[in-house]
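*Asks:* Using only what follows, build the 3D model:
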Amino acid sequence: MRNNEYSTAAYANVVVSAKEAVKNLNELVPELLNKLKVVEDKKPVSNVTTNIMRIRELIAQARSVAKKVQVSMKFTGQSSVEVHPPSNLEELKTVTSISLFMRVDPDKDPIEDRFILYLGDRNGKKDYMGLAIKNDKLVFVYNLGREDVEISLSSKPVSQWPAVFNYIKIERLGRHGKVYLTIPSQSTTDEQKFIQKGEAPSTDSLFDVDPNNVVFFIGGVPPDVKLPPPLSLAHFVGCIELASLNNDVISLYNFKETHGLNVAVSPPCPRYKLAFSQSRIASYLFDGTGYALIRNIERRAKFGQVIRFDISVRTIANNCAIFLMVSEGNFFLLEIKNGFLRLTYDFGFSDGPKLLENNSPKFQINDAKYHEVSVIYHQLKKVILLVDKSLVKTVENPKTPLPFSDIYIGGAPSSILKSRPELSSVAGLKGCVKGFLFQKRDFNLLEEPGTIGISSGCPEESVMSREAYFNGESYLGSPAKISPFDNFEGGLNFKTLLPSGLLFYHTEGSDEFSIALENGAVVLNNRGTKVKLQKKQYNDGRTHFLLASVNKQRYLLLVDDKDKQEKKRPSAATKSSSDSLVKTFYYGGSPSSSLKNFTGCISYAYINRKDRDIETEDFQKYTEKVNVSLQECPLQQPPAALMSPLKGTSKAKHTQSQKVARDKSSHLLEVTRSDLEPSEPNIQSCYLSQSPRSTHQAFHYGGVANTRQHYAGVPDSVSERCHFSLSLKIQSASGLIFYVSDVQEDNFMALFLANGKLVFSFSVGDKKVQIRSEKKYDDGAWHSIVCVRDGSMGRLIIDRLTVFEDKVQANNVPWHVSDSFFVGGVPPGKAKRNIQRNSAYSFTGCLKNLQLDGRRLSSVAETFGVSPCFEGLSEDGTYFSEEGGYVVLDESFELGLTFELVVEVRPRVASAVLLHVRASEGYFIMYIHQGVVVVLVNDGTHEFSTKVSPRQGVCDGTWHRITVIRDANVVQLDVDSEIKHVVGPVNPRSVDTRKPVFIGGTPDLFLPEHIGTRKPYVGCMKNLTINQSQASFSKAILCITGEPVPISSSLWVGGRVHTGQVASPSQGNTETNRKNNHAHIQSYLRAI
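*Replies:* Coordinates of the predicted model:
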């Protein structure tokens, strides 16, 4: 930069305005953040839960804005700033990276030894990181528990720096450290770059700080903070603007406190944002939480017969929003779905939303490169989608003007996304945007008033993949110049629940080098020489850091800086290998190793290569990516019972049938060892997730007449006065929401729907209080409801704002009800005495946050036909959830020697039992195994089978029609018109046709030992017919989910099933109730 660039009067005005804005920020931000902290820590009260959640969402946005204020502060040598440290210090353990812009003026302020920043313990003890100027050099200092490491950038003395903002980055990866300096050019596009590296002499690799004592200071520290000796220097003089911490944008204005800072006397230094080549083209960084909002988009250009949007996007995300327009019932959504562009829109069309997508490999765009996306609305009736000037797809609709004025880019507020089911699963953009154009007119997204939580620039780090998830049949491979047998250092984070799996692998001929988990222990193998860590098992679902090292003297293995094992290397073990050749290595498995592939997460991996410095591996650049996900790790913590032995028990023996014991009061689900280590690998991955997205602790009711949850043990106090609160999302005009009464139903209380309106009613002697809402609430949106009964007075409160009240004249009328409370519906015949007929059946919709007098109801005695509240589009069918379960059809259905069975399935698992019929001798089973449909028949003497292998398998996210035709000894299997048949023995034994038909699974004891899978089915099922008779699951004689539940002739397991994210057939009972009914069900199973 040249001084004359800032000599204009216009620039002076801008600086004055900026100074005033910064002064206001300096006064308002700490006060705001302190107040937000108070609100954030508040525990929700029953009747303000939704508002608290909304406030917390706004708090997150406010913090995001504070972290992205890209303005410097000027330090005088007497001032300092304490910045909020990161909330998750675990993320800093393996890698810690801080970047900033810094300006010093050697001509005005002679360079002296000065402190710049410090991250570590308040008392200067234990681990820390810091930056300083010492002996005219920029110095990066860190300590990982033993000795100080100082890395001095000697190639460019500070006294020779130009008086402009220079870019500085300090980075620690394990025990290795680097300091970077970039000086912008003063006259050309060339920049000067300097790098200095160093490393800790010991093997300590983790940055471990106490969350209660951690501080983050810039420019200096107050007297009550003690710095370690290498950083005990004079305060800084100059200007600093923070840029990032571990690739998250941070700002000095996200501070806790300032000391001696006066922006009126020492205003910030202006920084030319386009000084560095990386940011010369205006680009914007989205972190998944923010968005840009352009209001009244026609202020720049008008809608015409041709309307065009252009945007360049760079991301590695599988799923995220690009832009969205919403207006009343209309929407227009451009997103990335599974790495491909997807455009969905609806302007009130009679045939529903329009969809444009093309999953051809050439259109995949989540590859960390910029892609130019164009959407053209031609003649108000044709939408054209382009990427990199190539046509993706086009679709026509009835001629309709574009009904929008505002556009969201990169995301939208949760209130917008929750307003329509089509938008409920949309995720914010993680990546960069360059050049958003409407009608060829450019917009500066940072200047739009509605923009929240984005920043300028696009650092390379934001589109790197440092984390990978492996499913047991996946691996990553890359060529490199390495020599692991003789000289190797590698580190990585890993997290898994399985005891065995390959972490790193390399082979040269018959020589193998591997790092793996074996029965929970970490093992290094170098040409047959093994080093094993046996202090503990590391398949506990927690993140662990592993360091492996090989040199001519020894082999070393270290986990979490604590568990260490070394083995001296004999001289005979040294064997020459070619150093110059490029060789392939693998993470998470390999195509050739005999070791089991890894299931879990690997992140922040590094190895020493011969052609580059040690740095974090970018998995996005690997040449071999097989069945691996480079998104966030889905692995969850195991149950508490798996993480520590139970008190009062001896050390468990690990056998295949081991169970974690529990008493009746522990409420811990039983877990077998086989749950942790599946007996069969899932070779084929499924397009749809096994765990559909659902609203937390919300349940879906409806679809048939009597879905319900029955709560027992309602307290006696409800007879005097009660306060019920809940949240509802209603999709029907009538139906029962809750009901409680005495045995004769003389006394009752209910909340129900009538013509879309909410009605709260209860009895008072021979009279009724009935409070009805004025407007309809069957709009599919969430509403908070409070029902209060106080003697003869009732009150209905909707959305905290609308209050209805009524009472009848009555004195001391006794009112008592039983302790049974029904939610969502009632058993057949109940409630009709007190509630109009159309409303006495189950309502259709979702309910959550049910509380009585401020306490959550949890004692569910029975559950019938209730599912989690899944999100997304819906269609008819039945969903079987991952908790496991099956349905037994009633006796009107027979599968004997001659039958035709047709069913449509959309699985979410590659292997599962679909149907089972058990005879006194033999069985008939239909199942899927690794995407292949199999029919297995056994008549007690002979066994025969057939299978169909669809090209894409049956786990590709689409519906598949399966037909099985049996005629005595001939069985034909038809899957989507691919047909196979098998001929069995000529005179097969007759099968007892009255034996039960199990759908979606079966008791494990009924399955033969050699079957390909024993897993229950997870996914959708519809249109099941046997001999052309439709099978209705609402007439099932038994439904079991996870554990046995009571038999009921009215059990329902069908209903509305969501496309891609679907509902469960039955929620099942609480663990306590399952135990109480266990014997009941076992007697039934013996009978059949």
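*Asks:* State the distance from residue 162 to residue 183.
*Replies:* Taking Cβ to Cβ, to the nearest Å as the measure, residue 162 falls 7 Å from residue 183. (Each C-beta comes from the backbone N, C-alpha and C, glycine too.)
*Asks:* So between those two, which is more surrounded?
*Replies:* Shown here are residue 162 and residue 183; by other Cβ atoms under 10 Å, residue 183 has more neighbours (19 against 16).
*Asks:* wait, that one sits on residue 192?
*Replies:* Yes - shown here, residue 183 and residue 192 form a contact pair, counting by Cβ atoms under 8 Å, at 4.3 Å.
*Asks:* anything in contact with each of the two?
*Replies:* Both residue 183 and residue 192 are contacted by residue 156, under the criterion Cβ atoms under 8 Å, 6 or more residues apart in numbering.
*Asks:* count of residues packed around residue 486?
*Replies:* Neighbours of residue 486 (other Cβ under 10 Å): 16.
*Asks:* nope, residue 553 is what I was after
*Replies:* By the measure other Cβ under 10 Å, the count of residues near residue 553 is 10.
*Asks:* Could I get the pLDDT score of it?
*Replies:* Residue 553 is assigned 88 on the pLDDT scale.
*Asks:* Quickly note the distance from it to residue 610.
*Replies:* 20 Å.
*Asks:* can you check residue 174 too?
*Replies:* From residue 174 to residue 610 the distance is 19 Å (Cβ to Cβ).
*Asks:* if you count what's nearby, which of these two comes out ahead?
*Replies:* Taking neighbours as other Cβ under 10 Å, residue 174 and residue 610 compare with residue 174 leading, 26 against 12.
*Asks:* number of nearby residues for the closest residue to that one other than its chain neighbours?
*Replies:* Closest residue to residue 174 apart from its sequence neighbours, by Cβ to Cβ, 6 or more residues apart in numbering: residue 205 at 3.9 Å. Residue neighbour count, defined by other Cβ under 10 Å, stands at 22 for residue 205.
*Asks:* ok but residue 205 is inside a helix, no?
*Replies:* No - per DSSP: H, G, I helix; E, B strand; the rest coil, residue 205 lies outside any helix segment and is coil.
*Asks:* how many neighbours does residue 448 have?
*Replies:* For residue 448, the neighbour count with other Cβ under 10 Å is 16.
*Asks:* Help me confirm that it comes into contact with residue 292.
*Replies:* Yes - counting by Cβ under 8 Å, residue 448 does reach residue 292; the two are 5.9 Å apart.
*Asks:* Report the separation between the residue nearest to residue 123 when sequence neighbours are not counted and residue 232.
*Replies:* Closest residue to residue 123 apart from its sequence neighbours, by Cβ to Cβ, 6+ apart: residue 226 at 5.2 Å. In this structure, residue 226 and residue 232 are 8 Å apart, going by Cβ to Cβ.
*Asks:* Same check on residue 541?
*Replies:* Distance, residue 541 to residue 232, by Cβ to Cβ: 42 Å.
*Asks:* Between those two, point out the one with more neighbours.
*Replies:* Each of residue 541 and residue 232 has its neighbours counted (other Cβ under 10 Å); residue 541 has more, 18 against 12.
*Asks:* A strand includes the more buried one, no?
*Replies:* No - with three-state DSSP as the criterion, residue 541 is assigned coil and is not in a strand.
*Asks:* From residue 497, how far out is it?
*Replies:* 5 Å.
*Asks:* and what of residue 146?
*Replies:* 33 Å.
*Asks:* cool, residue 924 as well?
*Replies:* Distance from residue 924 to residue 497, by Cβ to Cβ: 35 Å.
*Asks:* Look at these two and report which has more neighbours.
*Replies:* The neighbour count for residue 924 versus residue 497, taken as other Cβ under 10 Å, is higher for residue 924 (24 against 18).
*Asks:* Checking that one next. Helix, strand or coil?
*Replies:* Of the three states, residue 924 takes strand according to three-state DSSP.
*Asks:* Ok, residue 308 next?
*Replies:* Relying on three-state DSSP, one would call residue 308 strand.
*Asks:* Output the below-cut-off pLDDT ranges for the stretch 501-650 of the chain.
*Replies:* 572-580, 632, 634-650 (pLDDT under 70).
*Asks:* Check the stretch 101-250 of the chain too.
*Replies:* Within the stretch 101-250 of the chain, the segments meeting pLDDT under 70 span 186-189.
*Asks:* which residues of it fall in strands?
*Replies:* Per DSSP state E, counting those that start in this stretch, the stretch 101-250 of the chain carries strands over the ranges 114-121, 128-134, 137-143, 148-153, 166-173, 176-183, 192-199, 214-218, 237-245, 248-249.
*Asks:* quick one, which of these is nearest to residue 515?
*Replies:* Across the strands of the stretch 101-250 of the chain, residue 515 has its closest neighbour in strand 166-173 (17.7 Å, Cβ to Cβ).
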